[in-house]
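Chemist: sequence first, predicted coordinates after that:
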Amino acid sequence: MDNKQLDTRIKLVKDDITKLKVDAIVNAANNSLLGGGGVDGAIHKAGGRQILDECVEIRSRQGGCKTGEAVITSSGKLPAKYVIHTVGPVWQDGNNGEEELLASCYINSLKLAVENEVKTIAFPNISTGVYRFPKRQAAEIAIKEVNKFLSTNDTLEEVIFVCFGDENFSIYGEMIISYSPEVFL
């Protein structure tokens, strides 16, 4: 990788992802796609029944969503156009492919965004809540994978990392400000 710098299309905000007016928001879903707690529950609640109905159709067609994969639905009542549902890994001990699976969440969500002509996309902090992925490690993976994807894609105009809480916002902020290629080789 030549002279890797943080892509200027990457943004960081502290906000409620359900309020953002972007083409797509990413939902940290579970395998069932039927809603849950945290950001998943908030997205389903704010978006309304339409999101759940489309998730049920996806379940009927393919049996849910595997960890690391992503599917797309409309956004119901949300200001975004789409919801991209991805299933992050549950942290066990770091020796069960968790890092690769989390990286796949970002890669597959971005690929699905491009396939659906999304220009602006917002990501929550995938797997860092009840799935217990270490927050700093998750942020490193998120920033690295998004930056790498953007280096080969010019259709996405903005990728926003949305932090609901102070801790993740601080972690992402530190990493973005002090971004160095040596960290992500």
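Modeler: That came through fine. Numbers count the residues shown, from 1 in each chain.
Chemist: show me where pLDDT drops low in this structure?
Modeler: For the chain, the stretches with pLDDT under 70 are 1-4, 180-185.
Chemist: would you mark the buried spots in the top helix by length along it?
Modeler: When the chain is parsed with DSSP state H, its longest helix is helix 98-115. Neighbour-count burial for helix 98-115, with 16 or more other Cβ atoms under 10 Å as criterion, is recorded at 98-99, 101-110, 112-113. Quick note: C-beta positions are derived from backbone N, CA and C, even for glycine.
Chemist: equivalent analysis for stretch 62-72, please.
Modeler: Gly64, Cys65, Thr67, Gly68, Glu69, Ala70, Val71, Ile72.
Chemist: how far out from the middle of the chain is that stretch?
Modeler: 13 Å (Cα atoms, centre = their mean, to the nearest Å).
Chemist: any idea how far apart the tips of it sit?
Modeler: Stretch 62-72 has an end-to-end distance of 13 Å (Cα to Cα, to the nearest Å).
Chemist: please report how far the closest residue in space to Ala46 that isn't next to it in sequence lies from Leu112.
Modeler: Nearest residue to Ala46, sequence neighbours excluded (Cβ to Cβ, 6 or more residues apart in numbering): Thr18, at 4.0 Å. Distance, Thr18 to Leu112, by Cβ to Cβ, to the nearest Å: 19 Å.
Chemist: again with Pro124
Modeler: Counting by Cβ to Cβ - Pro124 and Leu112 are separated by 16 Å.
Chemist: just the element for Asp53, please.
Modeler: Per DSSP states H and E, Asp53 falls inside helix 49-62.
Chemist: run through the neighbouring helices and strands of that helix.
Modeler: Contacting helix 49-62 under the criterion 3 or more Cβ pairs under 8 Å, 6 or more residues apart in numbering; DSSP states H and E are the following elements: helix 38-47, strand 70-74.
Chemist: save those as TSV, and put in distance to Val56 too.
Modeler: Below are the helices and strands packed on helix 49-62 laid out as TSV (distance: least, Cβ to Cβ, whole Å):
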stretch	distance to Val56
helix 38-47	12
strand 70-74	10
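Chemist: next, give phi and psi for the residue nearest in space to the middle of the chain.
Modeler: Centroid-nearest residue in the chain, with Cα atoms, centre = their mean: Phe123, separated by 3.7 Å. For Phe123, the backbone dihedrals (degrees, to the nearest 10) come out as phi -110, psi 140.
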